[in-house]
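Q: Got a predicted structure here, sequence first:
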Amino acid sequence: MSEGTHKPSPFYHKRTLRKTREECEHVREKFLQMSSLEVSEEVRQYLKTPTFDNWQWEDAEIMVLLQVMYTDLDFISTFNIEPDVLQQFLYEVYRRYNNIPFHNFKHCFCVTQMMYGLIWLTDLRSKIDSIDLLIMLTSAVCHDLDHTGYNNAYQINARTELALRYNDISPLENHHCAVAFEILEKTESNIFRNLPTEQYKRIREGIIKCILATDMSRHTDILNKFKAILPVFDFGNKDHRDVLMMIMIKVSDISNEARPMDVAEPWLDCLLQEFFNQSDMEKLEGLPVTPFMDRDKVTKPSSQTGFIRFVLFPLFIELANLFPCLEQHIIDPVRKALDYYTEMEKALEREKQNRALNETTVKTSTSKEPDANLEAKPASL
Ligand SMILES: Nc1nc2c(ncn2[C@@H]2O[C@@H]3COP(=O)(O)O[C@H]3[C@H]2O)c(=O)[nH]1
Ligand SMILES: [Zn+2]
């Protein structure tokens, strides 16, 4: 976002989110050096699984892994993408994810990697056109570009530049998408530059649909659409495919809990850090405080149990209805996570009760002390 004249918030615009030029140049050099190296077959296979651990890789390596995804899905040859254009595209994408706790470049990678894994696990290549797969992967790469760490509710309540520009309608998602096409408008980073206009149009329409579908305020609406077509789902029907693509980016976007515990838990810490940051700001600015972001109300387990029960399961189960093979990959780990956080919630509850009990005991014993003194006093008198 450029600095505008409308600044209702005294704090929001002061935060330095952008990556510095030095940081970008350093990562770019590393990436270009590494991109000529061959990635092993073992890593290429691992990259296709939801157990992949993003924390083991630095940003330049992550860019190489994204390059591998475009290569191994045969996008380079099918869509005639020049390697240096793909590299420039990935660099621009990297540059325009901000240094914030959750919605950063590593989140972009995780969402894309989950989408990539789902494509392989469901053998989607045999079911839909590669142009749709290109739309899905590229939408995942671009879906949170230039996120500032404050959600749509904040944008609207704080009347930020984005909310004003997009009339309060999915301000963030509209912005992510607009930034994506800013990158694609530049010839040197336009990975679709060798495609006929008709194909470009179709891709643009698809990416816009997918990125806008990540606005959680549309969650129920999109899920209900998918449920309605499931009994008659037809891969040959464009409307059906469009809904499936939206569901798959939504699943990927909120899929952290489908990963191994030691990968997923640090992501929750990042998410809560971003949430608390927003609610602190809302308190400072006298804006309505988003309840699920309030550090005085939310704990790690309380944040996850409800989210898993009411958001993750209902969504993941429907995708697994279409692809039963996904059950073991995305449902089972989420079930484990729910058990883990339910236990943590109980332990916290017990701790709270013990603390309350201790406080009462201390209070009662201290309130009895004066009596003891009184009793002792006559003896000493
Ligand atoms: N409580 C909780 N919320 C999540 C988790 N993953 C994603 N979300 C929420 O789902 C939202 C998806 O869209 P956003 O990226 O805007 O913001 C995300 C978070 O608000 C999670 O693991 N736990
Ligand atoms: Zn996201």
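A: Everything's here; your move. Residues are numbered from 1 along each chain as shown. Ligands and ions are numbered 1, 2, ... in the order given.
Q: who does the helix or strand harbouring L162 touch, helix- and strand-wise?
A: Applying DSSP states H and E as the criterion places L162 in helix 161-165. Judged by 3 or more CB pairs under 8 Å, 6 or more residues apart in numbering; DSSP states H and E, the packing partners of helix 161-165 are helix 152-157, helix 171-185. Yep, even glycine has a C-beta here, placed from its N, CA and C like the rest.
Q: ok, and what's touching the shortest one?
A: It refers to helix 152-157. 160, 162-163, 168, 170-172, 215, 217, 278, 281-282, 287-288, 290 (CB atoms under 8 Å, 6 or more residues apart in numbering).
Q: ditto for stretch 108-115
A: 47, 50, 52, 54, 62, 65-66, 69, 93, 97, 136-137, 140-145, 248-249, 251-253, 255-256, 258-259, 267.
Q: how far away is the nearest residue to R165 once chain neighbours are set aside from D215?
A: Distance criterion CB to CB, 6 or more residues apart in numbering; nearest residue to R165, sequence neighbours excluded, is P171 at 7.1 Å. Distance, P171 to D215, by CB to CB, to the nearest Å: 9 Å.
Q: In terms of neighbours, single out the busier of the two.
A: More neighbours surround P171 than the other of P171 and D215, with 22 against 19 (other CB atoms under 10 Å).
Q: For the more buried one, give its distance to ligand 2.
A: 15 Å (CB to the ion, to the nearest Å).
Q: Am I right that that residue is in contact with E161?
A: No: counting by CB atoms under 8 Å, E161 is not a contact partner of P171; they are 9.0 Å apart.
Q: which residues do those two both contact?
A: Counting by CB under 8 Å, 6+ apart, nothing touches both P171 and E161.
Q: Low-confidence regions, this structure specifically.
A: For the chain, the stretches with pLDDT under 70 are 1-16, 365-381.
Q: Quick check: residues of it near ligand 2?
A: Contacts of the chain with ligand 2, taken as CB under 5 Å from the ion, map to 144, 253.
Q: again, only this time at 6 Å
A: 107, 111, 143-144, 253 (CB under 6 Å from the ion).
Q: what are the ranges of the helices in the stretch 101-250 of the chain?
A: Secondary structure of the stretch 101-250 of the chain (DSSP state H, counting those that start in this stretch): helices located at 105-121, 130-142, 152-157, 161-165, 171-185, 197-212, 219-229, 238-253.
Q: so which of the ones you listed gets nearest F89?
A: helix 171-185 (6.5 Å; CB to CB).
Q: Flag every buried residue along that closest one.
A: 171-180, 183-184 (16 or more other CB atoms under 10 Å).
Q: what do you get for stretch 309-328?
A: Across stretch 309-328, burial judged by 16+ other CB under 10 Å covers 311-312, 315-316, 318-320, 322-323, 326.
Q: From R18, how far off is the residue in the stretch 151-300 of the chain positioned nearest to ligand 2?
A: Residue nearest to ligand 2 within the stretch 151-300 of the chain: D253 (4.4 Å; CB to the ion). Distance of D253 to R18, given as CB to CB: 23 Å.
Q: So these two - more neighbours on which side?
A: D253 (19 against 15).
Q: ok, now which ones touch the more buried one?
A: Residues counted as contacts of D253 (CB under 8 Å, 6+ apart) are 111, 143, 214.
Q: now H107
A: With CB under 8 Å, 6+ apart, H107 has these contacts: 97, 144, 267.
Q: how about TSV for these, with distance to H26 added?
A: Formatted as TSV, those follow (distance: CB to CB, whole Å):
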residue	distance to H26
Y97	16
D144	23
W267	25
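Q: can I get the residues you listed in TSV with distance to I81 and neighbour count?
A: Shown next, in TSV, are these (distance: CB to CB, whole Å; neighbours: other CB atoms under 10 Å):
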residue	distance to I81	neighbour count
Y97	21	24
D144	22	26
W267	30	20
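Q: Tell me the one among these nearest to V27.
A: Nearest member of the contacts of H107 to V27, counting by CB to CB, is Y97, at 11.3 Å.
Q: Might one say that that closest one is in contact with H143?
A: No: under the criterion of CB under 8 Å, Y97 makes no contact with H143, lying 10.5 Å away.
Q: after the helix or strand hosting S77, next one along is what?
A: For S77, the enclosing helix or strand under DSSP H and E is helix 75-78. With elements assigned by DSSP H and E, the helix or strand that comes after helix 75-78 is helix 83-95.
Q: In contact with whichever residue of the stretch 51-200 of the chain sits closest to ligand 1, which residues?
A: Sorted by distance to ligand 1 under CB to the nearest ligand atom, the residues of the stretch 51-200 of the chain start with N151, at 5.5 Å. Counting by CB under 8 Å, 6+ apart, N151 touches 172, 278, 290.
Q: Swap in 10 Å and give it another go.
A: For N151, the contact set (CB atoms under 10 Å, 6 or more residues apart in numbering) comprises 103, 171-172, 215-217, 274-275, 278, 290, 293.
Q: Just the buried subset of these, written out for PyMOL, thanks.
A: Buried members of the contacts of N151 can be picked out in PyMOL with the line below, counting by 16+ other CB under 10 Å:
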select buried, resi 103+171+172+215+274+275+278+290+293
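Q: residue closest to the middle of the chain?
A: Residue closest to the average C-alpha location in the chain (CA atoms, centre = their mean): D253, at 4.6 Å.
Q: Burial check on I81, number of neighbours?
A: Other residues lying near I81 total 21 when counted by other CB under 10 Å.
Q: Which residue lies nearest to it in three dimensions, sequence-adjacent residues excluded?
A: I191 (5.0 Å).
Q: what does G117 give?
A: Nearest to G117 is P50, by CB to CB, 6+ apart, at 4.9 Å.
Q: Could you report the distance from that neighbour to T361?
A: Taking CB to CB, one finds P50 at 48 Å from T361.
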